[in-house]
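> Using only what follows, build the 3D model:
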Amino acid sequence: MSDRADSSMEQDGRGVASGAFDAAMQVGTRLRHARLTIGARLKDVAEAASCSESLLSKLENNKIRPSLNMLSRICDALNLTIGQLFETPDSEQTVVVREDARVVVNLDPVQGKGMRMERLIPYTKGHLLQSTMHIIAPGGGSEGVVTHDGEEVGYLLSGAIELLLGDRVFRINAGDSFIYRSEIPHGYRNVGDEEARIIFVNTPPTF
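From the prediction side, this is the model:
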């Protein structure tokens, strides 16, 4: 495609994601909407996600933010993937995602040990792949392990992490890559003194 054609697409909005998406402030709102859509009670979802009703209520009202592990459990209880939770109306047509237009999800920013997840590929049922960048503060991490269908590969752009995979623990340094079946319980923790950045690609888009 020529530069001129690409510029035309950007100007008329087709195929180019533009404008920041404030996912950080919408995590709770979207969780609550998803629960009400299926007619589930707060108590039912809390029990299925192994958390208290009080905690879930605070999450739904955006008073606190979940850890990655907690968000994954709640989405499982709602029969959703994390990707579906942050689906945007124009995902199907998006080809280029500008850096300042990524869906950003801030998770568990407690005592400076939070993390954020930036979606590199917008969620859509038509995609075979899914990709996110996880940015983790020193001492932060997934706060437990998660499981889902598929296979994923990770590449550590910067920092140092501890990768938890089943009953094994791996030290991962900047420049290292790793791969595993997503059904194996997996998680990570930033064990370095600087921010860690991981690019994940998984298929199918079940996370």
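> from here on, contacts and neighbour counts on C-alpha atoms
Noted.
> center of this protein, which residue is that?
Centrality entry for the chain: nearest residue to the mean C-alpha point is Met117, 4.9 Å, by Cα atoms, centre = their mean.
> Kindly provide the distance from it to His134.
For Met117, the distance to His134 equals 5 Å [Cα to Cα, to the nearest Å].
> so the residue nearest to the centre of the chain makes contact with Phe86?
No - the pair Met117 / Phe86 is not scored as a contact, 11.4 Å apart, by Cα atoms under 8 Å.
> coming back round to it: bridged to the residue nearest to the centre of the chain, which residues?
Val105, His134 (DSSP bridges).
> Next, the contact list for it, please.
Val104, Val105, Asn106, Leu107, Thr132, Met133, His134, Ile135 (Cα atoms under 8 Å, 6 or more residues apart in numbering).
> of all these, which two lie farthest apart?
Leu107 and Thr132 (13.9 Å; Cα to Cα).
> who has more neighbours, those two?
Neighbours per residue (other Cα atoms under 10 Å) separate Leu107 from Thr132, with Leu107 holding more: 25 against 22.
> How much space separates that one from Phe200?
Applying Cα to Cα to Leu107 and Phe200 gives a distance of 17 Å.
> same question, Thr88
Shown here: Thr88 relative to Phe200, a distance of 20 Å by Cα to Cα.
> And these two? Which one has more around it.
Phe200 (20 against 15).
> Confirm that that one lies within a strand, as I assumed.
Yes - under DSSP: H, G, I helix; E, B strand; the rest coil, Phe200 sits within a strand.
> is it true that it touches Glu151?
No - with contacts counted by Cα under 8 Å, Phe200 stays clear of Glu151, the gap being 10.4 Å.
> what's the overlap in contacts for Met117 and Phe86?
With Cα under 8 Å, 6+ apart as the test, Met117 and Phe86 reach no residue in common.
> how about stretch 98-108: buried residues?
Neighbour counts over stretch 98-108 (16 or more other Cα atoms under 10 Å) mark Ala101, Arg102, Val103, Val104, Val105, Asn106, Leu107, Asp108 as buried.
> for the chain, what spans make up the helices?
Secondary structure of the chain (DSSP state H): helices located at 3-12, 27-37, 42-48, 53-60, 68-77, 82-85.
> Looking at these, which is nearest to Gly141?
Using Cα to Cα, the helices of the chain put helix 68-77 closest to Gly141, at 8.0 Å.
> and stretch 108-126, how far apart are its ends?
Length of stretch 108-126, first residue to last, Cα to Cα: 30 Å.
> average pLDDT for that stretch?
Per-region confidence: stretch 108-126 scores 78 on mean pLDDT.
> next one: it to chain centre, how far?
4 Å (Cα atoms, centre = their mean, to the nearest Å).
> Lovely, talk soon.
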